[in-house]
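J.: Sequence first, predicted model second:
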Protein chains: 2
Amino acid sequence: MNKQNTVEYIKSFPDKSLHSSIIDNHNSIETWFRRQWIKYPPPFYSSIDIRNSGFKIAPVDTNLFPAGFNNLNKDFEFLYISAIQHALERISEKISKILIIPENHTRNKFYLKSLNTLVELIKKSGYEVCVGRIGDKESFIQDEKKFIRKNDYLIFGNYNPDIIILNNDLSDGVPTILNSIKQPILPDKNMGWSNRSKTIHFDYYSDIVNSFSRILDIDAWLLEPQFRNCGEIDFQTKQGEDCLLYNANKLFNLIQKKYDEYSINEKPYIMIKADSGTYGIGIMRIDNIESLKNLNRKQRIKMSKTKGGNKLDRVILQEGIYSYEQLKPSDHVAEPVIYSFGSNLVGGFYRLHNMKDNSENLNAPGMIFHPIPFENACLSPNPDEPIYSETNKFYIYGVIARLAILAAAKEIYNLGD
Amino acid sequence: MNKQNTVEYIKSFPDKSLHSSIIDNHNSIETWFRRQWIKYPPPFYSSIDIRNSGFKIAPVDTNLFPAGFNNLNKDFEFLYISAIQHALERISEKISKILIIPENHTRNKFYLKSLNTLVELIKKSGYEVCVGRIGDKESFIQDEKKFIRKNDYLIFGNYNPDIIILNNDLSDGVPTILNSIKQPILPDKNMGWSNRSKTIHFDYYSDIVNSFSRILDIDAWLLEPQFRNCGEIDFQTKQGEDCLLYNANKLFNLIQKKYDEYSINEKPYIMIKADSGTYGIGIMRIDNIESLKNLNRKQRIKMSKTKGGNKLDRVILQEGIYSYEQLKPSDHVAEPVIYSFGSNLVGGFYRLHNMKDNSENLNAPGMIFHPIPFENACLSPNPDEPIYSETNKFYIYGVIARLAILAAAKEIYNLGD
């Protein structure tokens, strides 16, 4: 991490209407968000992957079980503490003991660093914290401590938590021991990847951006990746590929139409992603229909499994969004990741990759990324600075991130339906 | 402001029980405060003057119309924004337009700097802000704009605020135009100095500290200034001085008894302060009964008026607390001032004075003080650091400040009685 490195736009964008409409409408935007959170309580925490091509800025992934806390700017620790306190107070002022259920891959040292940072931040916020891993095969045994249920309360050893925070995306399903327990689970256990789908998330996101863009009087496309989805698919048996080709073709045409409308001289591309899953597994980029028609064996194997070895049988086709931010002087592509506790933004960092070009997914397995923590908390624009200044850019990222958080909040709200 | 200056304790205190009990009980303390704020909503903002003699740490003044925002550490701006957002959201998520009623002495450039900082911070928090001064003689005219009332709403020009924030301590009484208006007024208009008294505040404080010190199993005296009060007094006609002498004598004895109990080799002193008032006006230090018996004409004139030329007719006698913090290398006495929005601490600064010794009031009229902004937000201790470390000391200040804020919250809560 080198403070002399800076992340810069590598293209100039003559049309500033997207950026200026967000900066100019700061007060209306904040008022609008405050009203949304009344009805749709935000998830406990999240990290939002954003891509900025200059002509459009949009979220491409909304993670409700974030890791990477160790990569945040240490100078903002007070803000994290304040945000955690407020997110927890919003749930109940009576919470004092917290149990965190982490991912099982506890030998991943990057993950452990993140988990430790999260635990320390919650402790510094004035709460008691215990980490209890739900082991493989639901053995529930760790450090001689056992998970037990008593009168529908989940107890770890003799630790009886007031709430349970999931830092495990439940790709393998909801452990039975979490069913109908009385303590609140944050986020809702049905928001794990065994239940959630990207299609539903981006459906909500699209609705939200449609309303939001009316406030700003701008084209909603500037803030969202277009997407299509298919029914069941099997990349190995080719079942469902007709539908995939049909929708990919449609999506390429939709993107090209928009590029033409805005005189954007770029080549459309599409990301095909597992509809339920994360960790950069089950994800593929295609530049044209021909390459999708001619997938090789390696690609087909890659697209048949998601995290934890679960079968990939649904995908989302998402408009690819170029990243025109680069770390200078190295030219590495930079992708912003924004963090929040509740609706409280706490900044984020740039994910960097020196092996990828500006259209590839940077959350690739085994990637080595060099995070550049934001020098800014994304909370507020500065209208006295140029429209593309760091402060204003980060505020825009914060707005986009909150639109994605609101989509997740609506997912949670509608779980009860 | 010189970053090389540091504020240091100038005495060493072998008994660490006060400090260590606060640091060790971090979680219980935070849990306790969270529960208090449910029942007693904190005032919108406050600044708390604290004195630290090492053997005891206590608030000596609780200001509900704080100025000095310009002296806060600029590096923590994101924390101020976050705290303002949460304090306002706690009142209502539907607020968007705010009217600030400032002090009338708009030619004081220090005050104007503070007011501008406050306005900018609230704007950056995503609210519309307008400043409307209620002029002398209630003319209500400013910049061609008039205060009007329409259906019991207070309107300034054509600006119809959702809430009104007072940054005016109402020493001259509550302006009639503020009576029974429908918008919330923060803090409550009956918390101005025309209604409030230090005696009632420190009565509540004393009750709170009694409960709080039971959690820590320490002597409540370590956290509070003892005090006495009298009935009506007139320093010019000497009416009520018998009572004053009687209580001063009692208070000297009480302090001496405590000093003996803790083997403190210091000379007790007493501050006599206007019971309703601020700004360092109507305040006097006495070191012994004889000097109180023999007040000279100048002292008597000084003790006959409070801010705005109002008659001083009630006083509080408060235990003097030595300040054993000094700016190094200059030896100037330093007095911490802690700021908050709602119950959210945002740090503070040291008030310094090179003309005063370690027992005098530093908030003297016309003083030139050199604020040293805290490098810390007072939010969290660090048990891995020494008990007297900056981080731990500031956390203790934050706890004491919140006890005083809670006393003010109880004052507000009981206004309805």
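T.: In hand now; what should we look at? Numbers count the residues shown, from 1 in each chain, chains lettered A, B, ... in the order given.

J.: elements contacting the one helix or strand residue A:116 maps to?
T.: Using DSSP states H and E, the element containing residue A:116 is helix A:109-124. If you count contacts as 3 or more Cβ pairs under 8 Å, 6 or more residues apart in numbering or on different chains; DSSP states H and E, helix A:109-124 packs onto helix A:77-91, strand A:97-102, strand A:128-131, strand A:163-167. C-betas here are computed from N, CA, C, even on glycine.

J.: one more time with 7 Å
T.: Packing partners of helix A:109-124 (3 or more Cβ pairs under 7 Å, 6 or more residues apart in numbering or on different chains; DSSP states H and E): helix A:77-91, strand A:97-102, strand A:128-131.

J.: where in the stretch 1-150 of chain A is pLDDT low?
T.: Low-confidence segments of the stretch 1-150 of chain A (pLDDT under 70): A:1-5, A:12-14, A:106, A:135-144.

J.: measure the residue of chain A most remote from its centre to residue A:398 for me?
T.: Here chain A reaches farthest from its C-alpha mean at residue A:151, the gap being 35.5 Å by Cα atoms, centre = their mean. Residue A:151 sits 42 Å away from residue A:398 when distances are taken as Cβ to Cβ, to the nearest Å.

J.: Repeat that for residue A:65.
T.: 21 Å.

J.: Residue A:163 now?
T.: From residue A:163 to residue A:398 the distance is 26 Å (Cβ to Cβ).

J.: Quick one: classify the residue of the stretch 101-250 of chain A found nearest chain B as helix, strand or coil.
T.: Relative to chain B, the nearest point of the stretch 101-250 of chain A is residue A:126 (2.6 Å; Cβ to the nearest Cβ). Counting by DSSP: H, G, I helix; E, B strand; the rest coil, the backbone at residue A:126 sits in coil.

J.: Not counting sequence-adjacent ones, nearest residue to it?
T.: With sequence-adjacent residues excluded and distances taken as Cβ to Cβ, 6 or more residues apart in numbering or on different chains, residue A:126 is closest to residue B:30, at 2.6 Å.

J.: gap between the helix or strand where the one you found lies and the chain center?
T.: According to DSSP H and E, residue B:30 maps onto helix B:26-39. Centre-to-centre, helix B:26-39 and its host chain are 21 Å apart (Cα atoms, centre = their mean, to the nearest Å).

J.: Remind me what the following helix or strand past it packs against, helices and strands.
T.: For helix B:26-39, the following helix or strand on the C-terminal side (DSSP H and E) is strand B:45-52. Counting contacts by 3+ Cβ pairs under 7 Å, 6+ apart, strand B:45-52 packs against strand B:57-63, strand B:332-341, helix B:390-413.

J.: re earlier: buried residues in the helix holding residue A:116?
T.: For helix A:109-124, the neighbour count (16 or more other Cβ atoms under 10 Å in any protein chain shown) marks A:111, A:112, A:114, A:115, A:117, A:118, A:119, A:120, A:121, A:122, A:123, A:124 as buried.

J.: Switch those residues over to a markdown table; also include distance to residue B:34.
T.: What follows is these, written out as a markdown table (distance: Cβ to Cβ, whole Å):
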| residue | distance to residue B:34 |
| --- | --- |
| A:111 | 30 |
| A:112 | 30 |
| A:114 | 26 |
| A:115 | 25 |
| A:117 | 23 |
| A:118 | 20 |
| A:119 | 19 |
| A:120 | 20 |
| A:121 | 17 |
| A:122 | 14 |
| A:123 | 15 |
| A:124 | 15 |
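
J.: ok so, going back, the residue nearest to residue A:126 is in contact with residue A:124, isn't it?
T.: No. Using Cβ atoms under 7 Å, residue B:30 makes no contact with residue A:124, being 9.8 Å away.

J.: Show me the common contact partners of those two, please.
T.: Here residue B:30 and residue A:124 have no joint contacts, going by Cβ atoms under 7 Å, 6 or more residues apart in numbering or on different chains.

J.: which residue packs closest to the residue farthest from the centre of chain A, ignoring adjacent ones?
T.: Counting by Cβ to Cβ, 6+ apart, the residue nearest residue A:151 is residue A:182, at 7.8 Å.
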